[in-house]
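> need a structure here:
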Amino acid sequence: MSSPWFPYTPDRDRPDPHASPVRYDYLSRDEQEVRQALADWFQISPATSETRNLHTAESLLGDILSRLPLDGDGMDPELLRAGWLKAAGPFLGQQSNLLSIVKGVATIQVLQPAMRYHLQQWQGALLGKLKDQFGKDAVHSIRIRIG
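Predicted coordinates:
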C-alpha cells in the first residue's frame, strides 16, 4: 500500500506515462512464414547477422584504389626528381625539390626564402621546361613553398 506522499507508481495493467514505447521482439505467424519463404527461395538464412555487411579495410581500399585513375609514371618520385633536375638545371635542381604534380599543379619545396624569390622570377621559364619534360597537359601552374 502506497502512501499519498510517495511519487506516482503505475499499476500493472496501466503503462508508465513516462516510459518509452513498447518494442515487440516477436513476429506474427504470417511474418515468420514470409521470411522463411524468402529465405528458402534465395537460399539464405532468415536470421540477420550483425557481421553481414562488415568488410575488411583491405578489400575496400583495394576496390577503391583499382578504380582511381592513378598513373604509375606520374607518381614515381624518382621520375619526378630526374625530370626536375633536367628542367631546373644543376644549381636550382640541387637547391629545391619537386614534391608532387597534382591536378596540374607542381609543388616545389625550397629551404631558403631567397631561393623562393629566385624561383618566382624564373617561374615562367620553369613552367615551360616542366611542360616539355612531363607533358603539355601535366603541369599548368607552379606552387613554391618554404620548408
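
> longest helix in the protein, by residue count?
helix 77-95 (DSSP state H).

> And that helix, how far out from the chain middle?
From the chain centre to the centre of helix 77-95 is a distance of 31 Å (Cα atoms, centre = their mean, to the nearest Å).

> How about stretch 134-147?
24 Å.

> please renumber so the chain begins at 696
Right, with 696 as the first residue, what we last looked at is stretch 829-842.

> now the helices for the chain?
724-737, 752-762, 767-770, 772-790, 808-816, 818-829.

> Can you lay out these as CSV showing distance to Lys798 and mean neighbour count?
To be clear about C-beta, it is placed using only N, CA and C from the backbone, and glycine gets the same treatment. Output for the helices of the chain, formatted as CSV (distance: least, Cβ to Cβ, whole Å; neighbours: other Cβ atoms under 10 Å):
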stretch, distance to Lys798, mean neighbour count
helix 724-737, 45, 11
helix 752-762, 18, 9
helix 767-770, 11, 11
helix 772-790, 15, 15
helix 808-816, 20, 14
helix 818-829, 13, 16
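
> Going by mean pLDDT, which of those comes out lowest?
Least confidently modelled of the helices of the chain is helix 767-770, at a mean of 51 by mean pLDDT.

> thinking again about what came up before, and of the helices of the chain, who's closest to Ile841?
Relative to Ile841, the nearest member of the helices of the chain by Cβ to Cβ is helix 808-816, separated by 5.6 Å.

> could you check the angle helix 772-790 makes with that closest one?
110 degrees (axes from the mean of the first three to the mean of the last three Cα atoms, to 10 degrees).
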